[in-house]
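Colleague: can you look at this prediction? I've put the sequence above it.
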Amino acid sequence: MTTDWQEFRDRLIDAKSIILSTHKNPDGDGLGSEIAMFYYLKNINKDVRIINYSETPERYKFMDPNSSIETYAPEIHDKWISNADLVIVFDLGDYLRLCDLGDSIKNNNIDVINIDHHHTKDESMYQISIIDTKSPSTTYLIWKYFESIGLIDSKLEDEIALGLYVGLVNDTGSFRY
């Protein structure tokens with residue numbers, strides 16, 4: 001698949017506050033995608049938060065030593081969500097897998113971008129949907145975006161590289177398939 005990343009990049013540049021999320025009961029690919037994108041967006045001075053419906057499983061907490069991943073709590077997050085410009089969801093497959101967090105996003109009429117390597121059940125919730133079912137992981141697609149903007153021409157920040165690696169290892173069974 002050839003993806004023109006320009007529209008995605010333009011949306012990132014225009015947005016001031018961005019929410020990153022993945023499916024309930026997150027795995028290494030969804031979490032790795034969020035972590036990699038989070039540190040990239042922080043580096044370009046975006047107001048960004050990772051808000052997930054489910055807590056991070058213990059086995060993946062090593063990726064988040066700064067506790068950047070938050071677990072959705074309406075009383076804490078709904079006000080911030082209402083002021084967000086953009087949501088990016090990773091490895092989702094089905095918007096319903098955002099549960100109550102998805103309802104809050106929908107109720108606030110926030111533009112949503114989907115990046116995934118799975119077929120999406122319904123793309124009507126997304127303003128942009130970047131899907132490549134031949135990709136080994138969603139983190140690989142994030143790496144392809146970073147490649148398109150020249151970010152990989154120099155050494156990646158450790159947190160970004162770790163997120164990308166964990167997602168790829170997770171979804172390839174440690175490179176077995």
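Modeller: Thanks, I have it. Numbers count the residues shown, from 1 in each chain.
Colleague: every contact and neighbour count from this point should use C-alpha atoms.
Modeller: Will do.
Colleague: can you tell me which helix in the chain is longest?
Modeller: Ranked by residue count and defined by DSSP state H, the top helix of the chain is helix 28-43.
Colleague: average model confidence for the helix or strand following it?
Modeller: Using DSSP states H and E, the helix or strand that follows helix 28-43 in sequence is strand 47-52. Averaging pLDDT along strand 47-52 gives 98.
Colleague: strand 47-52 packs against which elements?
Modeller: Judged by 3 or more Cα pairs under 8 Å, 6 or more residues apart in numbering; DSSP states H and E, strand 47-52 is in contact with strand 17-22, helix 28-43, strand 69-71.
Colleague: where does this structure have low pLDDT?
Modeller: Counting by pLDDT under 70, the chain shows low-confidence ranges at 1-2, 171, 173-177.
Colleague: mind redoing it with 50?
Modeller: 1 (pLDDT under 50).
Colleague: and the helices in it?
Modeller: 6-14, 28-43, 74-82, 99-107, 138-148, 158-171.
Colleague: and the second one, what's buried?
Modeller: Using 16 or more other Cα atoms under 10 Å as the test for burial, helix 28-43 gives 28-41.
Colleague: over to the last one?
Modeller: For helix 158-171, burial by neighbour count (16+ other Cα under 10 Å) applies to 159-171.
Colleague: and of these, the nearest to residue 10?
Modeller: Nearest to residue 10 out of the buried residues of helix 158-171 is residue 160 (Cα to Cα; 20.7 Å).
Colleague: hang on, that closest one packs against residue 37?
Modeller: Yes. Using Cα atoms under 8 Å, residue 160 is in contact with residue 37, at 7.3 Å.
Colleague: adding distance to residue 90, write the helices of the chain out as JSON lines.
Modeller: Output for the helices of the chain, formatted as JSON lines (distance: least, Cα to Cα, whole Å):
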{"stretch": "helix 6-14", "distance to residue 90": "14"}
{"stretch": "helix 28-43", "distance to residue 90": "5"}
{"stretch": "helix 74-82", "distance to residue 90": "17"}
{"stretch": "helix 99-107", "distance to residue 90": "13"}
{"stretch": "helix 138-148", "distance to residue 90": "7"}
{"stretch": "helix 158-171", "distance to residue 90": "11"}
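Colleague: for residue 120, find the nearest of the ones you listed.
Modeller: Of all those, helix 138-148 comes closest under Cα to Cα, at 12.8 Å.
Colleague: the closest one packs against which elements?
Modeller: Packed next to helix 138-148, using 3+ Cα pairs under 8 Å, 6+ apart, are helix 28-43, strand 111-116, helix 158-171.
Colleague: any chance of those in CSV, plus distance to residue 150?
Modeller: Below are the helices and strands packed on helix 138-148 laid out as CSV (distance: least, Cα to Cα, whole Å):
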stretch, distance to residue 150
helix 28-43, 12
strand 111-116, 19
helix 158-171, 14
